[in-house]
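Chemist: here's my sequence, what's the structure:
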Amino acid sequence: GKRSLRQKVVDELKHYYHGFHLLWTDTKVAARMVWRLLHGQVLTRRERRRLLRTCADLFRLVPFLVFVIVPFMEFLLPVFLKLFPQMLPSTFETESKREEKQRKKLNAKLELAKFLRETIAEMAKRNKADTG
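Modeler: Here you go, the predicted structure:
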């Protein structure tokens with residue numbers, strides 16, 4: 001059913017708390033990875049991707065903090081997120097946004113696979129015609 005204004009505010013505060021907590025955890029893990037890199041160890045591909053994502057999130061946090069710190073500026077956050085959808089750090093994304101992004105990536109991969117399959121079929125027809 002309908003949620004009260006108080007419940008909506010509490011849910012948003014929980015969302016931001018969990019986002020900052022996840023970002024803090026990612027930052028600690030990334031700091032350990034940087035320490036390992038500085039001591040000559042090699043990161044796996046997964047670790048490297050996580051380190052890059054965390055660094056990008058920290059850079060995105062700077063403009064995001066302006067909305068959190070300045071009073072009443074958080075009301076403009078939806079407008080800026082509509083204009084700049086990648087401005088929000090990844091730890092603050094909702095599950096629906098994450099699923100939508102995955103769906104778009106999957107559709108793009110399917111289109112690419114379809115194109116490649118058609119190209120290979122066309123090349124096979126040409127080679128068959130040339131040899132036959």
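
Chemist: where does the protein dip in pLDDT?
Modeler: For the chain, the stretches with pLDDT under 70 are 132.

Chemist: contacting residues around residue 36?
Modeler: Applying CB atoms under 8 Å, 6 or more residues apart in numbering, we find residue 36 in contact with residue 43. (C-beta placed from N, C-alpha, C; glycine too.)

Chemist: same deal with residue 62?
Modeler: With CB under 8 Å, 6+ apart, residue 62 has no contacts at all.

Chemist: quick check: it vs residue 104, distance?
Modeler: 27 Å (CB to CB, to the nearest Å).

Chemist: same deal with residue 94?
Modeler: Counting by CB to CB - residue 94 and residue 104 are separated by 15 Å.

Chemist: in the protein, which residue is closest to the centre?
Modeler: Centroid-nearest residue in the chain: residue 90, 4.7 Å away (criterion: CA atoms, centre = their mean).

Chemist: hang on, isn't it packed against residue 50?
Modeler: No: under the criterion of CB atoms under 8 Å, residue 90 is not in contact with residue 50, lying 10.5 Å apart.

Chemist: so which residues of the chain form helices?
Modeler: Under the criterion DSSP state H, the chain contains helices at 5-38, 45-69, 77-83, 95-131.

Chemist: residue contacts, the closest residue to residue 54 other than its chain neighbours?
Modeler: Ranked by CB to CB, 6 or more residues apart in numbering and with sequence neighbours excluded, the top spatial neighbour of residue 54 is residue 30, at 4.0 Å. Residue 30 is in contact with 50, 51, 54, 55, counting by CB under 8 Å, 6+ apart.
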